[in-house]
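A.B. asks: task: produce atomic coordinates for the following.
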Amino acid sequence: MLNYLRQFQKERQLRKELLALDQEAAKNLESYYVMFQINRLRDFKLDAWQRIKANKEINFEEPVLKYTAAIESYQQALKGFRDFENWYTSDEKNKTRENGLALHQKQEEAKARFKPLEGILKSAVQGIAKELKMRGWGKG
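C.D. replies: Okay, here's the model as predicted:
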């Protein structure tokens with residue numbers, strides 16, 4: 001009986017984490033469209049992924065793993081751009097032609113990593129939905 005309760009709690013926690021990941025990925029896709037429309041780069045959320053990624057119960061398929069790697073790569077490029085931009089604007093001595101070109105290059109790198117995210121995000125949302133459906137927790 002005790003094992004049954006532990007297994008039930010484990011399954012319930014896994015379901016909760018997978019549903020959170022599903023919502024997070026859907027929200028990130030929505031955020032992508034907003035960023036695309038307003039032409040402004042912002043951060044994505046990966047909190048649910050951070051909580052669930054070490055779970056050995058789930059073998060995530062390639063679209064989900066590609067999604068998280070692409071988002072982390074984009075976030076890293078965006079952080080590099082923002083950090084350099086803050087340094088660049090912090091002092092007049094930093095505002096040289098070379099630094100301006102480097103700033104522009106970092107911004108272009110972040111934009112380049114942002115562009116392919118739509119397809120990656122869509123595939124991840126579908127992959128997570130597939131995992132949920134396979135476990136009987138899906139939406140349809």
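A.B. asks: can we go C-alpha only for contacts and neighbour counts from here?
C.D. replies: Noted.
A.B. asks: the helices in this protein, which residues?
C.D. replies: Along the chain, the segments classed as helices by DSSP state H run 2-38, 47-52, 62-90, 97-114, 117-134.
A.B. asks: mean pLDDT and mean neighbour count for these - can I get that in CSV?
C.D. replies: Converted to CSV, the helices of the chain look like this (pLDDT from 0 to 100; neighbours: other C-alpha atoms under 10 Å):
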stretch, mean pLDDT, mean neighbour count
helix 2-38, 93, 15
helix 47-52, 93, 15
helix 62-90, 96, 17
helix 97-114, 97, 16
helix 117-134, 94, 18
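A.B. asks: spatially nearest residue to Ser31 (excluding sequence neighbours)?
C.D. replies: Nearest non-adjacent residue to Ser31, counting by C-alpha to C-alpha, 6 or more residues apart in numbering: Phe44, 7.5 Å away.
A.B. asks: list the contacts of that neighbour.
C.D. replies: Contacts for Phe44 (C-alpha atoms under 8 Å, 6 or more residues apart in numbering) come out as Asn28, Ser31, Ile71, Gln75.
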